[in-house]
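**Q** Sequence plus the predicted model coming up.
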Amino acid sequence: MRALTWQGTEKVSVETVPDPTVQEPTDAVVRITSTAICGSDLHLYRVLGPYIDKGDVLGHEPMGVVEAVGSAVTNLKVGDRVVVPFNISCGHCWMCQHGLQSQCETTQVTEYGSGAALFGYTKMYGQVPGGQAEYLRVPHADYGPIVIPDDGTPDDRWLFLSDILPTAWQGVQYAGVPEGGTLAVLGLGPVGQFAARIGKHLGFRVLAVEPEAVRRDLAAKYGVETFDLDKDVVAQLVDLTDGRGPDGVVDAVGMEAHGNAVAGFAQRAAGLLPDKLAQKAIETAGVDRLAAVHTAIDLVRRGGTVSLSGVYGGMADPMPMMTLFDKQITIREGQCNVKRWVDDIMPLVSDPSDPLGTLDLTSHRVSLEDAPRMYEVFQKKEDDCVKVVLDPAMAASAAA
């Protein structure tokens, strides 16, 4: 089959790799019909190369059609249309039973002290072949896949259940905004777009900060109040909230944040070291660009909550502990527990009126063969790129 593979820092390519097969009784094999590029994939593309091997298959936002199932899989049948959550969880361990599927005790990567295994995401998370491919082997398919209607609705209606929609939902839930309160969202990439729309759906006032005009305009369609990123933005938003600040802030940016040249250099330098040295640097040093999380801390009201949906990777990043203590700020964060939120989100995704705008988020739908070009476009925010979906059945464009 054809699959997108990591080949080096800022270098990916589509190669022919072995077809996946059912290896365990709880496996399924899914033919991929749509698979998205996530902002987290850019961390692999640029920063986390020391934890990847050349040839690893990337991608963790897939959906498709079941082609084969293991003998222990009774909840799926060949021909079912499914979305595959990005975290691989068993459904029966203590963590899964308590809604912490991202910490699944069956798939935890104990070698690195990490939580549940993820598709297409480094040795730290199991090095499981990912879904930017024609086919995907799905472990623990007796629990993970989400069966969706085979009714001709576009894939984009359902695809984002794999990651970014439940990630945004969890981010807003973790922000702890009271009824009728104010939510701020930093970053209007795909997760931030959904977080802002979810906030509006839940009845909050939503203030969002984003430097790209096309992303601000997209959020404004849903009644979100948007602001450019400038040195006065914290003061602006505090002034709009009776001088206190928002009740909760979702940081939907993470370590790709702009605004810290030193940290940016550290990220790139770590990625260029030999793997063992680079792993040590990432695990013991502060290599994140923390502009977004520091802005969130400055912005949130006293006694409020900062919810981190963006991914950070440094182990010794400096944090303003005195400010956190003085303002009595709660911080909540973590990988999304996808299956925990599906029942809450499914009625909105199924609604023909599409209240969360799942059908207007994708800015680029291209072939799998076009993926290397689109990784660069997405990273550089070129061509008004917001969200890229890859279609393995689509022919490659002439521009690829």
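**A** Alright, I've got the coordinates.
**Q** Tell me where the stretch 151-300 of the chain has helices.
**A** 164-174, 190-201, 213-220, 233-239, 261-272, 275-284, 291-299 (DSSP state H, counting those that start in this stretch).
**Q** Mind telling me which of those the model trusts least?
**A** Set side by side, the helices of the stretch 151-300 of the chain differ in mean pLDDT, and helix 261-272 is lowest with a mean of 45.
**Q** so what's Met63 up against?
**A** By CB atoms under 8 Å, 6 or more residues apart in numbering, the contact list for Met63 reads 30, 32-35, 81-84, 148, 155, 158-159, 161-162. C-beta: built from backbone N, CA, C; applies to glycine.
**Q** surely Ser114 meets Cys104?
**A** No - with contacts counted by CB atoms under 8 Å, Ser114 stays clear of Cys104, the gap being 11.0 Å.
**Q** Counting neighbours, go ahead and name the busier of those two.
**A** Between Ser114 and Cys104, counted using other CB atoms under 10 Å, the more crowded position is Cys104 (26 against 19).
**Q** dump the residue contacts of the more buried one.
**A** Asn87, Ile88, Ser89, Cys90, Cys93, Met95, Cys96, Gly115, Ala116, Ala117.
**Q** The last one: neighbouring residues, count only.
**A** Close neighbours of Ala117, defined as other CB under 10 Å, add up to 21.
**Q** Correct me if wrong: it contacts Gly126.
**A** Yes - in this structure Ala117 lies within contact range of Gly126 using CB under 8 Å: 3.1 Å.
**Q** I'd like to know how far Asp232 sits from Asp239.
**A** Using CB to CB, to the nearest Å, one gets 10 Å for the distance from Asp232 to Asp239.
**Q** cool, Lys221 as well?
**A** When CB to CB is applied, the distance between Lys221 and Asp239 equals 25 Å.
**Q** swap in Glu105?
**A** Counting by CB to CB, the gap from Glu105 to Asp239 is 47 Å.
**Q** Out of the two, name the residue with the larger neighbour count.
**A** Remark: of Glu105 and Asp239, Glu105 carries more neighbours, 16 against 11, as counted by other CB under 10 Å.
**Q** Wait, a strand at Lys375?
**A** Just to correct that, residue 375 is Tyr rather than Lys. No - counting by DSSP: H, G, I helix; E, B strand; the rest coil, one finds Tyr375 to be helix, located in no strand.
**Q** show me the contacts for it.
**A** The neighbours of Tyr375, taking CB under 8 Å, 6+ apart as the test, are Val12, Ile37, Asp41, Leu42, Tyr45.
**Q** can you put the residues you listed in TSV and add secondary structure, distance to Arg216 and pLDDT?
**A** Shown next, in TSV, are the contacts of Tyr375 (DSSP: H, G, I helix; E, B strand; the rest coil; distance: CB to CB, whole Å; pLDDT from 0 to 100):
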residue	secondary structure	distance to Arg216	pLDDT
Val12	strand	29	96
Ile37	strand	21	96
Asp41	helix	23	89
Leu42	helix	21	87
Tyr45	helix	25	82
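**Q** ranking those residues by neighbours, who comes first?
**A** Taking other CB under 10 Å to define a neighbour, the member of these with the most is Ile37, carrying 28 neighbours.
**Q** That residue pairs with what?
**A** For Ile37, the residues forming beta bridges with it (DSSP bridges) are Val388.
**Q** State the pLDDT value of Gly259.
**A** pLDDT, the model's per-residue confidence, is 39 for Gly259.
**Q** could you check the distance from Thr35 over to Thr167?
**A** 16 Å.
**Q** Next: Lys387.
**A** 13 Å.
**Q** so where is the protein shaky, pLDDT-wise?
**A** Under the criterion of pLDDT under 70, the regions of the chain flagged as low confidence span 47-49, 255-289, 313-317, 398-400.
**Q** In terms of distance to Glu134, which of the contacts of Met63 ranks first?
**A** Sorting those by how near they are to Glu134, with CB to CB, puts Ile32 at the top with 6.0 Å.
**Q** mind listing the strands for the stretch 51-200 of the chain?
**A** Using DSSP state E, counting those that start in this stretch, the strands of the stretch 51-200 of the chain run over residues 62-69, 81-83, 135-138, 146-147, 182-186.
**Q** Turn those into CSV, columns for distance to Thr330.
**A** Written out in CSV, the entries for those read as follows (distance: least, CB to CB, whole Å):
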stretch, distance to Thr330
strand 62-69, 34
strand 81-83, 31
strand 135-138, 36
strand 146-147, 30
strand 182-186, 14
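**Q** winner for burial among the ones you listed?
**A** Burial of the strands of the stretch 51-200 of the chain is given as mean neighbour count (mean count of other CB atoms under 10 Å); strand 182-186 ranks first at a mean of 30.
**Q** Which residues does that one contact?
**A** Residues outside strand 182-186 that contact it (CB under 8 Å, 6+ apart): 172, 175, 177, 192, 195-196, 199, 204-209, 224, 237, 241, 245-253, 292, 295-296, 299-300.
**Q** Whichever of the residues you listed end up buried, select them in PyMOL.
**A** What follows is the PyMOL syntax selecting those of the contacts of strand 182-186 that are buried according to 16 or more other CB atoms under 10 Å:
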select buried, resi 172+175+177+192+195+196+199+204+205+206+207+208+209+224+237+241+245+246+247+248+249+250+251+252+253+292+295+296+299+300
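**Q** What's the local residue count around Leu308?
**A** As a burial measure, Leu308 scores 22 neighbours (other CB under 10 Å).
**Q** okay, and the common contacts of Asp232 and Asp239?
**A** For the pair Asp232 and Asp239, no residue contacts each of them under the criterion CB under 8 Å, 6+ apart.
**Q** how close does the residue nearest to Glu212 when sequence neighbours are not counted sit to Phe160?
**A** The spatial neighbour of Glu212 that comes closest, neighbours along the chain excluded (CB to CB, 6 or more residues apart in numbering), is Lys381 at 6.0 Å. Per CB to CB, Lys381 is found 19 Å from Phe160.
**Q** who's more crowded, the two?
**A** Phe160 (28 against 14).
**Q** From Val12, how far off is Pro190?
**A** Going from Pro190 to Val12 by CB to CB gives 19 Å.
**Q** now Gln335
**A** Separation of Gln335 from Val12 (CB to CB): 23 Å.
**Q** same check, this time on Phe119
**A** Distance of Phe119 to Val12, computed by CB to CB: 16 Å.
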